[in-house]
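S.K.: Just to be clear, the model below is a prediction. Sequence and coordinates:
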Amino acid sequence: MPHIVDFKNVSTAGLESSPVADAAAGLRANEARYFSTKYNHVFTVSPASEVPEVVDRVSRILREERNIVIGSRPLEATDFEVDGLRMSYVFYESGLSINVMYSIEDGGKRAVGFKLADGMDVPEELAERFKFARQKSKLAGTIRGSYFVIKGEY
């Protein structure tokens, strides 16, 4: 069942099994605040087991674009459209968050973003392939992020 991510009262609900649950919850809340502020969108997530098509879509794009398979278990996911963009998010047990931004119109922006919760190690499957920039967040502490541009059609 989907639940709204509250960025004022951050909760670890749905992320409790993560070794960095508090930081992962802050990271998720940071995303919710961004979409609320920028697009007036209410950010909701569902248990990954209830939205396997979202996890499968993100996994397929990673595999086909860069031959990446994420080793961590997906805990939550969401998929929505806002301002001409289809956004897909998967939050993993390790503290990793992956988003796919896919412009609905041809020729628009299409990219995969990775964000690492404060305190987690860079996953082995990403470590040699990406450099991670640091960003400070009141909700999430230090977020490390990277991305790549999607070349295929999905």
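M.R.: Great, that's in hand. Here the structure is a predicted model, which is why all the values come from computation and not from measurement. Numbers count the residues shown, from 1 in each chain.
S.K.: Leaving out sequence neighbours, find the closest residue to Gly141.
M.R.: Nearest residue to Gly141, sequence neighbours excluded (Cβ to Cβ, 6 or more residues apart in numbering): Asp118, at 3.6 Å. C-betas here are computed from N, CA, C, even on glycine.
S.K.: List the buried residues for stretch 3-17?
M.R.: By neighbour count with 16 or more other Cβ atoms under 10 Å, stretch 3-17 contains the buried residues Val5, Phe7, Val10, Thr12, Gly14, Leu15.
S.K.: and it, how far from the chain's centre?
M.R.: Relative to its chain's centre, stretch 3-17 lies at 14 Å (Cα atoms, centre = their mean, to the nearest Å).
S.K.: what is the rounded mean pLDDT of it?
M.R.: Stretch 3-17 carries an average pLDDT of 96.
S.K.: What is the longest helix of the chain by residue count?
M.R.: Across the chain, the longest stretch assigned as helix under DSSP state H is helix 21-39.
S.K.: ok, the helix or strand just after that one: who's next to it in the sheet?
M.R.: Downstream of helix 21-39, the next assigned helix or strand under DSSP states H and E is strand 44-47. Each strand that pairs with strand 44-47, with its direction, by DSSP bridges: strand 3-4 (antiparallel), strand 74-82 (antiparallel).
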